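1. A predicted structure for the sequence below; I have some questions about it.
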Amino acid sequence: MSTQTPRISSPSRVPAHASPSGDGIVVGTGPVQVDAFIDFLCPFCKQFEERSGPVLDELVADEAISLVYHPMGFLDGLSTNRYSSRASAASGCASDGGRFMEYLYTLFANQPPEGGPGLSDDELVELGRAVGLADGSFAACVREGVYLDWTSYVTAMADQRGVGGTPTVAVQGVAVPANPRTILVAVRAALSGAGG
């Protein structure tokens with residue numbers, strides 16, 4: 001009776017600013033790691049970003065945290081064109097262009113409803129243009145689906161970690177409710193524990 005977890009195959013490429021394990025995009029350089037598992041089609045993730053985003057941004061700016069976003073393809077079945085995976089892959093392209101956070105905000109601001117077609121690749125490229133990703137390399141990256149296998153890897157790794165829904169937040173590897181108050185309390189506790 002083997003309890004060994006199945007080996008997840010590594011993606012052919014990972015985006016710039018990827019975490020050491022390759023399954024997330026790192027924003028900030030602070031000592032406390034905050035992981036946010038998100039899906040760009042998930043309405044609760046949009047609410048999470050609207051409510052917690054300003055606090056997380058401030059913690060990043062204060063160099064208190066390293067924020068690791070894990071954009072998953074969790075809700076692919078709730079769109080007719082695998083929107084979750086394509087949006088996640090496009091966010092990897094945005095990270096290559098140094099505009100991951102700007103693109104994350106604009107993806108949530110333009111979130112399509114669940115159950116229908118998500119945004120097209122052309123629309124994903126347009127959103128990139130709106131945040132300064134105007135060169136041809138971003139558009140090519142999105143249209144060629146360069147990071148689709150990376151998205152599968154991010155999703156599989158999250159599944160292996162026991163992430164059963166989005167948004168899921170962990171501070172120093174410990175799951176906390178995805179709201180600004182509990183995140184802030186956990187970060188402060190981790191900082192004081194680290195002598196910060």
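-> In hand now; what should we look at? Treat the numbers as computed from the prediction; the structure is a model and nothing was measured. Numbers count the residues shown, from 1 in each chain.
2. Which residues are in contact with Cys141?
-> Under the criterion of C-beta atoms under 8 Å, 6 or more residues apart in numbering, the contact list for Cys141 reads 90, 92-93, 96, 147. (C-beta placed from N, C-alpha, C; glycine too.)
3. Please give the element, helix or strand, for it.
-> For Cys141, the enclosing helix or strand under DSSP states H and E is helix 136-143.
4. Also Leu56?
-> When elements are assigned from DSSP H and E, Leu56 belongs to helix 43-61.
5. gap between that helix and the chain center?
-> Helix 43-61 has its average C-alpha position 12 Å from the chain's average C-alpha position, going by C-alpha atoms, centre = their mean, to the nearest Å.
6. Who are the packing partners of it?
-> Counting by 3 or more C-beta pairs under 8 Å, 6 or more residues apart in numbering; DSSP states H and E, the packing neighbours recorded for helix 43-61 are strand 32-38, strand 65-71, helix 100-109, helix 180-193.
7. Recalculate using a threshold of 7 Å.
-> strand 65-71, helix 180-193 (3 or more C-beta pairs under 7 Å, 6 or more residues apart in numbering; DSSP states H and E).
8. Compare those and give me the one nearest Leu127.
-> Ranking the helices and strands packed on helix 43-61 by proximity to Leu127 (C-beta to C-beta) places strand 65-71 first, at 14.2 Å.
9. For the closest one, list the C-alpha coordinates in PDB.
-> What follows is strand 65-71 as a C-alpha-only set of coordinates in PDB (Å, rounded to 0.1, in the frame of the first residue of the first chain):
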ATOM      1  CA  ILE A  65       6.200  40.200   3.500                       C
ATOM      2  CA  SER A  66       7.000  38.300   0.400                       C
ATOM      3  CA  LEU A  67       3.600  37.800  -1.300                       C
ATOM      4  CA  VAL A  68       3.400  34.700  -3.400                       C
ATOM      5  CA  TYR A  69       0.400  34.600  -5.800                       C
ATOM      6  CA  HIS A  70      -0.600  31.100  -7.100                       C
ATOM      7  CA  PRO A  71      -3.000  31.800 -10.100                       C
END
